[in-house]
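Participant: need the 3D shape of this:
(one chain, ligands or ions: 2)
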Amino acid sequence: MNLLETMQQSDYEEVVFCQDRQSGLKAIIAIHDTTLGPALGGTRMWAYASEEAALTDVLRLSRGMTYKNAVSGLNLGGGKAVIIGNPKADKNEAMFRAFGRYIQGLNGRYITAEDVGTTEDDMNLIHEETEYVTGVSETYGSSGNPSPATAYGVYQGMKAAALEAFGTDSLEGRTVAVQGVGNVAYHLCSYLHQEGARLIVTDIDKEAVRRALEAYGAKAVSPEDIYSVACDIYAPCALGATVNDQTISQLKARVIAGAANNQLQEARHGDLLYELGIVYAPDYVLNAGGVIHIADELNGYNRERAYKKVGEIYRNIRRVFEISAEQGIPSYLAADRLAEERIAGLHASRRTFLQNEQHALSRRAVSRG
Ligand SMILES: NC(=O)c1ccc[n+]([C@@H]2O[C@H](COP(=O)([O-])OP(=O)(O)OC[C@H]3O[C@@H](n4cnc5c(N)ncnc54)[C@H](O)[C@@H]3O)[C@@H](O)[C@H]2O)c1
Ligand SMILES: CC(C)C[C@H](N)C(=O)O
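Facilitator: Ligands and ions are numbered 1, 2, ... in the order given. Down below sits the predicted model:
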């Protein structure tokens, strides 16, 4: 990859490569856009096949955070980090502390949290070295693991998407095919089960499947079969790019609504869904619950207020479908327009110079230091 040229094309601000030989840390931090505030996004730990694959992932994910934070009305920019390694085998204390020191070196331009492969315990280790980390344990005054809040937001947004497709937002009796029953989807399944939805689940981790079968009476299928099962809603909650040429032709669902980031392999797959009349709830609008919840730490965390704001994802998804209908464009483009308009509007208003301007989250971080 010609990195600087790629950064220029999508206007990335900064990409930082970090290594610490002793602990085995190999990480990349990407800061996409800080127009709205410090770049907030999680750290993913994954055994990437190559450095190139890790770089591609962190670039896509950080840009997604810019759009997610903007469309959710947060005063936060977009960034993300990846640690290259197997989260089940390669973690150690020194690795996360070394990583925390790199984050500290960015002086608040990037703030991290959990993502696939990282946990609250990992955030606690990072917190030993920097204040620019959220999603640490509640005993530190933080809001804890964001996954349950993400699940609540996905549930609310899924209901809004159901209204668009079926004329009612009730999920009672609907069949939902859930791909990946990890941190977010386990909680999502709980909301769906309580409302009387029928669940079909899959995961490459047998233990995760067993847990969902036991708790929610779900039916299990193999990872390959999840795309073609008879269902009303396909909920991708594992990794990205599962909406592609191979899978769209197999889908029976009328709605796609799930937690995974970067669900569309390419933008043209969003166009194809629109042409086929499949209602697609744009991923970054739908899965913003975790970051909305975490951002409440800015105001001195209050769970009730945070969940109320997460519940607004229902309205945000409705707004996306309204724009899609008004302008005759696919939902993913409608979401992009909403986000880009907010960033451009605030970018313009920030021409005015202010002495000692400091963002609220960096103030909080400094005062706790
Ligand atoms: N955790 C959050 O708060 C949050 C917020 C926003 C978006 N997301 C996104 O949601 C997705 C899930 O996040 P999570 O925190 O629940 O992660 P997780 O790692 O806890 O869960 C993902 C699950 O998917 C399974 N999986 C991986 N590949 C699979 C495949 N090919 N087929 C079936 N199952 C597969 C894994 O075994 C795991 O159980 C990710 O894309 C993440 O970026 C998470
Ligand atoms: C909670 C967030 C800061 C990070 C989360 N993994 C996301 O993609 O939105």
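Participant: confirm that V16 sits in a strand.
Facilitator: Yes. Judged by DSSP: H, G, I helix; E, B strand; the rest coil, V16 forms part of a strand.
Participant: I'd assumed I29 was in contact with it.
Facilitator: Yes. Between V16 and I29 there is a contact under CB atoms under 8 Å: 4.4 Å. Quick note: C-beta positions are derived from backbone N, CA and C, even for glycine.
Participant: what about these two, which has more around it?
Facilitator: Using other CB atoms under 10 Å, the more surrounded residue of V16 and I29 is I29, with 27 against 17.
Participant: residues touching the more buried one, list them.
Facilitator: V15, V16, C18, V58, G79, K80, A81, Y102, I103, L106, Y110 (CB atoms under 8 Å, 6 or more residues apart in numbering).
Participant: that one sits in which helix or strand?
Facilitator: strand 25-33 (DSSP states H and E).
Participant: paired strands for that strand, with orientation please.
Facilitator: Strand pairing for strand 25-33, determined by DSSP bridges: strand 14-20 (antiparallel), strand 77-84 (antiparallel).
Participant: okay, those strands, which one's buried deepest?
Facilitator: Across those, averaging neighbours per residue (mean count of other CB atoms under 10 Å) puts strand 77-84 on top, at a mean of 29.
Participant: is ligand 1 within reach of that strand?
Facilitator: No. Strand 77-84 stays clear of ligand 1 (CB under 6 Å from any ligand atom), getting no nearer than 9.3 Å.
Participant: hmm, who's touching the helix or strand following that strand?
Facilitator: The helix or strand immediately downstream of strand 77-84 is helix 93-105, counting by DSSP H and E. Helix 93-105 is contacted from outside by 16, 18, 20, 22-25, 27, 29, 43, 81, 83, 85, 110-112, 122, 125-133, using CB under 8 Å, 6+ apart.
Participant: could I have the PyMOL command that selects the buried members from these?
Facilitator: Here the buried members of the contacts of helix 93-105 are turned into a PyMOL selection, burial being counted by 16 or more other CB atoms under 10 Å:
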select buried, resi 16+18+20+23+24+25+27+29+43+81+83+85+110+111+112+122+125+126+127+129+130+131+132+133
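Participant: who's in contact with the residue in the stretch 251-369 of the chain positioned nearest to ligand 1?
Facilitator: The minimum distance from the stretch 251-369 of the chain to ligand 1, using CB to the nearest ligand atom, falls at G290 (3.2 Å). Contact analysis of G290 by CB under 8 Å, 6+ apart lists G42, A113, E114, G135, P146, S147, A149, T150, G153, V184.
Participant: just the ones of these in helices?
Facilitator: Using DSSP state H, S147, A149, T150, G153, V184 are the members of the contacts of G290 that sit in helices.
Participant: chain neighbours aside, what residue packs nearest to the first one?
Facilitator: Pointing back at S147 there. Using CB to CB, 6 or more residues apart in numbering and skipping residues adjacent in sequence, the residue nearest S147 is N183, 3.8 Å away.
Participant: near ligand 1, which residues of the stretch 201-350 of the chain? Just list them.
Facilitator: So far as CB under 6 Å from any ligand atom goes, the stretch 201-350 of the chain lies against ligand 1 at 202-205, 208, 223, 237-239, 259-261, 287, 290.
Participant: now, the most widely separated pair of the residues you listed?
Facilitator: Spanning the widest gap among those are P223 and G290, at 24.3 Å by CB to CB.
Participant: gap between R318 and Q19?
Facilitator: 45 Å (CB to CB, to the nearest Å).
Participant: same question for stretch 136-147, mean pLDDT?
Facilitator: Stretch 136-147 carries an average pLDDT of 88.
Participant: swap in stretch 315-326?
Facilitator: 98.
Participant: can you list contacts of it?
Facilitator: Residues from elsewhere that reach stretch 315-326, judged by CB under 8 Å, 6+ apart: 71-72, 156-157, 160-161, 163-164, 274, 279, 281-282, 285-286, 288, 329-331, 333-335, 337-338.
Participant: thank you kindly, that will do.
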